[in-house]
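Trainee: return atomic coordinates for the entry below.
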Amino acid sequence: MLTFVPSNFIPRGMTKYFTLLFICGLNYLAFSQKTNQKGSYYVTWGYNRSAYADSDIRFVGPGYDFTLLNAKALDFPTPLSEIKTYLDPGLLSIPQFNFHAGYFLKDNLSISLGWDHMKYVVKDLQTVRVSGFIDPQTSSPGITVDPAYVGTFNQTPLVLDPQKFVHLEHTDGYNYASIELEYYKSLYRSLHSRFAIDWMNGVGIGALVPRSDVHVFGVGQNNFWNLAGGGASLKTGLKLNLSKHLFFEATVKTGATRLWDIHTTGRSVDRAEQSIYFAEIYGALGFTI
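Mentor: Okay, here's the model as predicted:
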């Protein structure tokens with residue numbers, strides 16, 4: 001029941017204070033109203049840019065066991081000029097994308113499954129320090145190695161020639177499949193909760209399922225997807241609730257991953273391993289069901 005106070009009841013000179021209290025009350029209602037999200041489902045789709053710390057990459061096979069120390073790598077985003085790639089439903093999986101589907105356990109807590117499709121490319125022709133050994137004949141059947149890359153190395157600087165030495169990229173891609181918990185804290189809600197801003201923080205664990213294009217001593221292929229390792233991640237971001245069902249997320253995520261079974265030349269005797277520390281920023285549109 002609403003009770004109206006006659007204007008002549010307010011003591012003279014106190015009107016401005018009652019007005020201030022009234023405005024503060026409205027603001028309190030706007031910020032304190034909650035949207036009932038418990039039990040609802042949601043899906044998101046967006047695109048990312050990623051960055052990577054320098055990585056030690058070990059290559060192992062018959063006749064060789066060597067490690068590239070602090071190799072530099074970049075992501076490989078699809079240029080915005082190729083806008084058709086982002087809009088054509090048949091090409092949506094080509095850019096660096098993020099797909100998540102989740103369920104709200106509570107109004108402010110959800111669990112989700114995600115697929116972060118990043119791309120990781122070791123820079124060709126960079127000079128890296130190499131430790132280990134390489135014989136004149138390696139792998140099975142044998143590969144003849146360029147003499148410049150034969151010997152025993154102890155942090156020896158060598159050029160990553162993609163034709164003669166090493167080329168490695170996870171461009172189809174460096175795929176992080178994860179399960180994540182997300183906690184939401186309300187920062188602002190309009191009076192009827194039609195627009196709201198939430199601060200989201202999350203933690204996740206996952207598996208790495210890369211498709212790696214690797215050449216070692218001039219021999220290799222674009223390998224098929226394989227379960228290559230695992231990792232963990234943290235994220236934070238803002239969720240803009242644009243309506244009851246539609247929202248937009250802007251998120252920063254960082255993670256540590258270990259890949260212990262990277263396919264290289266396509267021969268079962270050859271493999272590689274590395275640790276990758278990544279950071280990504282992505283924007284995604286979401287729909288609540």
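Trainee: contacts only, for residue 278.
Mentor: 50, 51, 52, 53, 118, 120, 174, 176, 254, 255, 257 (C-beta atoms under 8 Å, 6 or more residues apart in numbering). C-beta: built from backbone N, CA, C; applies to glycine.
Trainee: now, of these, which are buried?
Mentor: Taking 16 or more other C-beta atoms under 10 Å as the criterion, what is buried in the contacts of residue 278 is 50, 52, 118, 120, 174, 176, 255, 257.
Trainee: run through the stretch 1-150 of the chain and note the low-pLDDT ranges.
Mentor: Within the stretch 1-150 of the chain, the stretches with pLDDT under 70 are 1-35.
Trainee: so where do the helices sit in it?
Mentor: 15-32, 83-87 (DSSP state H, counting those that start in this stretch).
Trainee: before we move on, the earlier item: now the contacts of residue 278 as a markdown table including distance to residue 135?
Mentor: Formatted as a markdown table, those follow (distance: C-beta to C-beta, whole Å):
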| residue | distance to residue 135 |
| --- | --- |
| 50 | 36 |
| 51 | 36 |
| 52 | 31 |
| 53 | 31 |
| 118 | 35 |
| 120 | 28 |
| 174 | 30 |
| 176 | 35 |
| 254 | 39 |
| 255 | 36 |
| 257 | 31 |
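Trainee: filter those down to just the ones in strands.
Mentor: Judged by DSSP state E, the contacts of residue 278 include 50, 51, 52, 118, 120, 174, 176, 254, 255, 257 as members of strands.
Trainee: I'd say the fourth one and residue 75 touch.
Mentor: Which is residue 118. Yes. Using C-beta atoms under 8 Å, residue 118 is in contact with residue 75, at 6.4 Å.
Trainee: who touches both of these two?
Mentor: Joint contacts of residue 118 and residue 75 (C-beta under 8 Å, 6+ apart) are 50, 96.
Trainee: which non-adjacent residue is nearest residue 159?
Mentor: residue 127 (5.4 Å; C-beta to C-beta, 6 or more residues apart in numbering).
Trainee: which pLDDT value goes with residue 239?
Mentor: Note for residue 239: predicted pLDDT of 96.
Trainee: contacts only, for it.
Mentor: 184, 197, 198, 199, 200, 247, 248, 249, 286.
Trainee: same thing with residue 44?
Mentor: 98, 99, 100, 101, 249, 284, 285, 286, 287.
Trainee: hmm, which two among the residues you listed are most spread apart?
Mentor: For those, with distances taken as C-beta to C-beta, the pair at the greatest spread is 98 and 287 (14.5 Å).
Trainee: in a markdown table, list the contacts of residue 44 along with distance to residue 79 and neighbour count.
Mentor: Conversion of these to a markdown table gives the following (distance: C-beta to C-beta, whole Å; neighbours: other C-beta atoms under 10 Å):
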| residue | distance to residue 79 | neighbour count |
| --- | --- | --- |
| 98 | 18 | 22 |
| 99 | 21 | 16 |
| 100 | 25 | 23 |
| 101 | 28 | 15 |
| 249 | 23 | 22 |
| 284 | 20 | 21 |
| 285 | 21 | 13 |
| 286 | 25 | 21 |
| 287 | 27 | 12 |
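Trainee: please enumerate the strands of the stretch 151-289 of the chain.
Mentor: Applying DSSP state E, counting those that start in this stretch to the stretch 151-289 of the chain gives strands spanning 151-159, 166-189, 196-208, 212-216, 219-222, 229-241, 246-263, 271-288.
Trainee: using TSV, lay out those together with distance to residue 70.
Mentor: Output for the strands of the stretch 151-289 of the chain, formatted as TSV (distance: least, C-beta to C-beta, whole Å):
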stretch	distance to residue 70
strand 151-159	10
strand 166-189	14
strand 196-208	20
strand 212-216	19
strand 219-222	22
strand 229-241	19
strand 246-263	16
strand 271-288	11
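Trainee: return the most buried member of those.
Mentor: Among these, strand 212-216 has the highest mean neighbour count (mean count of other C-beta atoms under 10 Å), at a mean of 22.
Trainee: contacts for it?
Mentor: 59, 61, 138-139, 143, 162-163, 165-172, 220-223, 228, 262-265, 270, 272.
Trainee: what do you get if the cut-off is 7 Å, keeping everything else the same?
Mentor: 59, 162, 166-171, 220, 222-223, 262-265, 270, 272 (C-beta atoms under 7 Å, 6 or more residues apart in numbering).
Trainee: surely residue 143 meets residue 219?
Mentor: Yes. Using C-beta atoms under 7 Å, residue 143 makes contact with residue 219 at a distance of 5.3 Å.
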